[in-house]
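# I'd like to go over a predicted model; first the sequence, then the structure.
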Amino acid sequence: MKRIKTDRTRDEIKTAINATIDERNAVLASLNLRADDWSKARIDSHETRIRILNRRIERLKLEWESGKPSAEQIAALVKYAQGNGRSWKSKLNNDWMYARTQGTLQGIRNEFGPSWLAKFKLPKEDK
């Protein structure tokens, strides 16, 4: 899967996706309501707008999938890692598999998933 860099939070990306979908749906609705009265050129311009909006939605979905954990989520991961030693990732993954986590840690699992955890690296400590 293609990954892209993003500085937006997942909430900001979700808001952008929803706004774009709403805009696309409004264009589709206007096409359906007045297609009889419109010229082919006007319909073509709306179809072009819909294609542009669909591409924007796909880019936003990629950005969503490339999202970063929040500061609170990173802090929870750091705390878990400190309490569970070198094999903290496998222990956390096991805890996730058997539903032994809750709160922020469970939210991380629901939002990012086990495959993301395998690639995740803790932030380096400032010295």
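Alright, I've got the coordinates.

# what's the domain layout of this structure?
10-65, 71-119 (automatic domain parsing).

# Output the ones you listed in TSV; the columns should cover distance to E125, mean pLDDT and mean neighbour count.
Yep, even glycine has a C-beta here, placed from its N, CA and C like the rest. Listed next are these as TSV, based on distance: least, C-beta to C-beta, whole Å; pLDDT from 0 to 100; neighbours: other C-beta atoms under 10 Å:
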stretch	distance to E125	mean pLDDT	mean neighbour count
domain 10-65	25	75	14
domain 71-119	9	91	14
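
# for this structure, what spans make up the helices?
Taking DSSP state H as the test, the helices found in the chain are 10-34, 40-65, 71-84, 88-97, 103-111, 114-119.

# what are the C-alpha coordinates of the shortest one, in PDB please?
Output in PDB follows, covering the C-alpha atoms of helix 114-119 (Å, rounded to 0.1, in the frame of the first residue of the first chain):
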ATOM      1  CA  PRO A 114      -1.100  -5.100  14.800                       C
ATOM      2  CA  SER A 115       0.700  -4.700  11.500                       C
ATOM      3  CA  TRP A 116       1.300  -1.000  12.300                       C
ATOM      4  CA  LEU A 117       2.700  -2.000  15.700                       C
ATOM      5  CA  ALA A 118       5.300  -4.300  14.000                       C
ATOM      6  CA  LYS A 119       6.700  -1.300  12.100                       C
END
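
# residues in contact with it?
Helix 114-119 has contacts (C-beta atoms under 8 Å, 6 or more residues apart in numbering) with 89, 92-93, 96-97, 108-109.

# Could you work out the most separated pair of those?
The most widely separated members of those, counting by C-beta to C-beta, are M97 and I108 (14.0 Å).

# any idea how far P123 is from A26?
According to C-beta to C-beta, to the nearest Å, A26 stands 42 Å off from P123.
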